[in-house]
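**Student:** Show me how the following folds:
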Amino acid sequence: MDATTDKDPLVQEQIYNALCYLGQSEPEEILNSCDEYLRQHDKLAYPHRVIILKAMETVVKNNIALLDKSTAKEVIRDWQEAASNVLVAVGQRFINKVMEEVLTKFQPGILPHYFVMQTFANLSVSNGE
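**Tutor:** Okay, here's the model as predicted:
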């Protein structure tokens, strides 16, 4: 997974494809490995983090029926938290665009998802001056 930091888009695509391919036969192992890697490399640049998150998303979507309930729940929570963190990081430079996107998640009469609210809170903290 260290190769995700390669600047060559073809290498990045190959890593994504390899993770997805391995995820077809061992989805829980790949998801756990990706999760562990992201936790150990919390300073990983966001474009590279997104490659791993997208691979995780694909593995989950393609294998949802095979996943153990506890694995699925943990992966979804971690994935949502990581996605929220990506939005907050991007929001440090492009706050208006991020706010526009996050606001689309609000629906009249429906309580917003926890991570939508968490993203708003973290955006306000990271951009408050």
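
**Student:** how about low-confidence regions in the chain?
**Tutor:** For the chain, the stretches flagged by pLDDT under 70 are 72-73, 75, 129.

**Student:** what comes up buried for the helix ranked longest in the chain?
**Tutor:** With DSSP state H applied, the helix covering the greatest number of residues in the chain is identified as helix 69-91. Using 16 or more other C-beta atoms under 10 Å as the test for burial, helix 69-91 gives 71-72, 75, 78-80, 82-88, 91. All C-beta atoms are positioned from the backbone trio N, CA, C, and that covers glycine.

**Student:** could you dump it to PDB, C-alpha only?
**Tutor:** Once non-C-alpha atoms are left out, helix 69-91 reads as follows in PDB (Å, rounded to 0.1, in the frame of the first residue of the first chain):
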ATOM      1  CA  LYS A  69     -21.800  -7.900  10.700                       C
ATOM      2  CA  SER A  70     -19.200  -6.600  13.200                       C
ATOM      3  CA  THR A  71     -16.600  -6.100  10.400                       C
ATOM      4  CA  ALA A  72     -19.100  -4.200   8.200                       C
ATOM      5  CA  LYS A  73     -20.200  -2.000  11.100                       C
ATOM      6  CA  GLU A  74     -16.600  -1.200  12.100                       C
ATOM      7  CA  VAL A  75     -15.500  -0.600   8.500                       C
ATOM      8  CA  ILE A  76     -18.400   1.700   7.700                       C
ATOM      9  CA  ARG A  77     -17.800   3.800  10.800                       C
ATOM     10  CA  ASP A  78     -14.100   4.100  10.100                       C
ATOM     11  CA  TRP A  79     -14.700   4.800   6.400                       C
ATOM     12  CA  GLN A  80     -17.200   7.500   7.300                       C
ATOM     13  CA  GLU A  81     -14.900   9.100   9.800                       C
ATOM     14  CA  ALA A  82     -12.000   9.000   7.300                       C
ATOM     15  CA  ALA A  83     -14.200  10.600   4.600                       C
ATOM     16  CA  SER A  84     -15.300  13.300   7.100                       C
ATOM     17  CA  ASN A  85     -11.600  14.000   7.800                       C
ATOM     18  CA  VAL A  86     -10.900  14.300   4.100                       C
ATOM     19  CA  LEU A  87     -13.700  16.900   3.800                       C
ATOM     20  CA  VAL A  88     -12.300  18.900   6.700                       C
ATOM     21  CA  ALA A  89      -8.800  18.900   5.300                       C
ATOM     22  CA  VAL A  90     -10.100  20.100   1.900                       C
ATOM     23  CA  GLY A  91     -12.300  22.600   3.700                       C
END
